[in-house]
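1. Fold the stuff below for me.
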Amino acid sequence: MNNFQQPMTPPMTPPMGKGEKIVCEKCQNDKFQLVFLLEKYNKILIGSDRDQIVPLEVFACSKCGHVNEYFLPKEK
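-> As a prediction, this is how the structure comes out:
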């Protein structure tokens, strides 16, 4: 058995302020807040005795409430 362990490499931290600024697609505001989208799943489709509501966290513009397409979950 080999007792050699690879040294842990710390995760790379991106330099703050050097990334691409994300703005609201609607009003160009650059401040966002976390909000929830709710999805309802039919009990028959999920094999349960009740329908289920699942919250999905997304970012919405803090000024106008718009959710950029980039922040929405990908449809399968």
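2. And the residue nearest to residue 63 when sequence neighbours are not counted, which helix or strand is it part of?
-> Leaving out its chain neighbours, the residue that sits closest to residue 63 by CB to CB, 6 or more residues apart in numbering is residue 29, at 4.0 Å. Placement of C-beta: from N, CA and C, glycine included. In this structure, residue 29 sits in neither a helix nor a strand according to DSSP states H and E.
3. In contact with residue 29, which residues are there?
-> Shown in contact with residue 29 (CB atoms under 8 Å, 6 or more residues apart in numbering): 23, 61-64.
4. among the residues you listed, which are in strands?
-> The members of the contacts of residue 29 that map onto strands under DSSP state E are residue 61.
5. Can you say which of the contacts of residue 29 are buried?
-> residue 61 (16 or more other CB atoms under 10 Å).
6. how about the contacts of residue 29 in a markdown table, adding pLDDT and distance to residue 7?
-> Formatted as a markdown table, these follow (pLDDT from 0 to 100; distance: CB to CB, whole Å):
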| residue | pLDDT | distance to residue 7 |
| --- | --- | --- |
| 23 | 98 | 40 |
| 61 | 98 | 43 |
| 62 | 98 | 42 |
| 63 | 98 | 46 |
| 64 | 98 | 48 |
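7. quick check, nearest of the contacts of residue 29 to residue 14?
-> Ranking the contacts of residue 29 by separation from residue 14, with CB to CB as the measure, puts residue 23 on top at 18.5 Å.
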